[in-house]
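Novice: Pasting the sequence and the predicted model now:
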Amino acid sequence: MAKKLNKNNIKPYNDKIKADNFEQKNYAAIDLGTNSCRLVIATPTPSSFRIVETFSKITRLGEGIINDNQLSRLAIKRTIAALKVCSGVLAEYAPIYKYRYVATAACRRAVNCKEFVDAVKRETGLSLEIISSKEESRLAVVGCIPLLNRTIKRALVFDIGGGSTEISLARITNTGKTFIEGFVSLPYGVVTISEAFPSQDMTDLAYNTIIERTQKILAEFEEKYQITEAIRNQEIQVIGTSGTVTVLGAVHLNLPRYNRSAVDGLSISKQDIDRTINKIKRLGDEGRKRHACIGAQKADLTMAGCAIIEALCSFWPVAEITVADRGIREGILLDLMHSQNEHQKQHHKKFRRRFPYGKRGRKYHEQK
């Protein structure tokens, strides 16, 4: 039985503004992945942030990259067209107080990445930052912090991307700070897997090959961090963030169309994960294309993602996973807003040291 997290045990994500005088400034983040381009614009609230605009487009920037490590002309054209839309949306919400626009696995891998980044700057005015897999892991964890159960101090966050899959082990300190204990990056994601096994409907051999390869990498990670026992003792919360994970949640709930509010924060038991994956398999390629929560653009990618999820949930004694419709973009926003708060705190401390009696001075306070 699927259940939503107890709202008393999670940190707020999209709270309404609680203070009339809270400063409203627009922050922006772009996550340019191997499969899609995502933009979010938000304003800070006292406890989190409020989303004011989003844009998402499947561009398959990494299409064909497994062949020659090159971004193709068509993929670049599609992606720049999407980024032009992002640029237009950003202009509507100008000024953007702080921003960060990142690109991940496809750009890390592409030998013609610099030419692409230069073209993006020239045609859209946007400056892309190519981030490492380690930074990608960290941002995914930060983005999922609002879903962490406060009674559990560790989390295993997996982010299934188009060109790579990041798995991070995080710990939450008593003061509420989060740090990464360790991470591993699988050198493949749903786009590269679907292109490596291009048959219309993934064969059992291909599916099992992905599971075996994934579990071989996980074994090395397990040997280093000894995660199994902690998961068995329910000391680690497992969180999944990706298109496949959210599709899994939507199909499990039998939604007539995708609904973020119903899926984000949903907890699905291992039994229901297995049942839903089998349901997605039985749909076949045509059935997945017709499914309202999957569709033609995700039909082939969903099976690749399911193989990775099944590998994780069968390798570790996972009782349930928390579905996160959030990730790198939200991590960027929280990072930017946190750094701004820290800057303001430091500025306030310096002011207090310099003017311990405030701007009116010591004499004024002694007279009072």
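Specialist: Thanks, I have the structure now. These numbers come from a predicted model, not from an experiment.

Novice: buried residues in stretch 93-109?
Specialist: Buried positions in stretch 93-109, judged by neighbour count with 16 or more other Cβ atoms under 10 Å: 97-109. (Glycine included, C-beta is placed from N, CA and C.)

Novice: want to throw the residues you listed into a markdown table with distance to K177, secondary structure and pLDDT?
Specialist: Formatted as a markdown table, the buried residues of stretch 93-109 follow (distance: Cβ to Cβ, whole Å; DSSP: H, G, I helix; E, B strand; the rest coil; pLDDT from 0 to 100):
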| residue | distance to K177 | secondary structure | pLDDT |
| --- | --- | --- | --- |
| Y97 | 24 | strand | 96 |
| K98 | 21 | strand | 96 |
| Y99 | 24 | strand | 97 |
| R100 | 21 | strand | 98 |
| Y101 | 26 | strand | 98 |
| V102 | 22 | strand | 98 |
| A103 | 28 | strand | 98 |
| T104 | 25 | coil | 97 |
| A105 | 28 | helix | 96 |
| A106 | 32 | helix | 96 |
| C107 | 30 | helix | 97 |
| R108 | 28 | helix | 97 |
| R109 | 33 | helix | 96 |
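
Novice: And the furthest pair within those residues?
Specialist: The largest separation in these, counting by Cβ to Cβ, is between Y97 and R109 at 32.4 Å.

Novice: about what we covered before: mind putting the buried residues of stretch 93-109 in a markdown table, distance to L74 included?
Specialist: Below are the buried residues of stretch 93-109 laid out as a markdown table (distance: Cβ to Cβ, whole Å):
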| residue | distance to L74 |
| --- | --- |
| Y97 | 35 |
| K98 | 33 |
| Y99 | 28 |
| R100 | 27 |
| Y101 | 22 |
| V102 | 23 |
| A103 | 18 |
| T104 | 20 |
| A105 | 19 |
| A106 | 14 |
| C107 | 16 |
| R108 | 20 |
| R109 | 17 |
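
Novice: What helix or strand is G295 located in?
Specialist: Using DSSP states H and E, no element contains G295; it sits outside every helix and strand.

Novice: Buried ones in stretch 58-74, by neighbour count?
Specialist: Under 16+ other Cβ under 10 Å, the buried positions of stretch 58-74 are 58-65, 70-72.

Novice: What is the nearest of these to N259?
Specialist: I58 (19.0 Å).

Novice: For the closest one, list each beta-bridge partner.
Specialist: S36 (DSSP bridges).

Novice: wait, isn't it in contact with G295?
Specialist: No. If you go by Cβ atoms under 8 Å, I58 and G295 don't touch, sitting 9.6 Å apart.

Novice: hey, where'd the helices end up in the stretch 251-368 of the chain?
Specialist: 260-263, 270-290, 299-315, 328-354, 361-367 (DSSP state H, counting those that start in this stretch).

Novice: Highest mean neighbour count out of these?
Specialist: helix 299-315 (a mean of 23; mean count of other Cβ atoms under 10 Å).

Novice: Compute the inter-axis angle for it and helix 270-290.
Specialist: 170 degrees (axes from the mean of the first three to the mean of the last three Cα atoms, to 10 degrees).

Novice: So which elements touch helix 299-315?
Specialist: Where contact means 3 or more Cβ pairs under 8 Å, 6 or more residues apart in numbering; DSSP states H and E, helix 299-315 is packed against strand 154-160, helix 190-196, helix 204-225, helix 243-252, helix 270-290.

Novice: Quick one: closest of those to K177.
Specialist: It's strand 154-160; of those, that one is closest to K177 (Cβ to Cβ) at 13.3 Å.

Novice: can I get the CA coordinates of that closest one in PDB?
Specialist: Only the C-alpha atoms of strand 154-160 are listed here, as PDB (Å, rounded to 0.1, in the frame of the first residue of the first chain):
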ATOM      1  CA  ARG A 154      21.000   8.700   6.900                       C
ATOM      2  CA  ALA A 155      19.700   8.600   3.300                       C
ATOM      3  CA  LEU A 156      20.600   6.700   0.100                       C
ATOM      4  CA  VAL A 157      19.600   8.800  -2.800                       C
ATOM      5  CA  PHE A 158      19.700   7.500  -6.400                       C
ATOM      6  CA  ASP A 159      19.300   9.700  -9.400                       C
ATOM      7  CA  ILE A 160      18.800   7.900 -12.700                       C
END
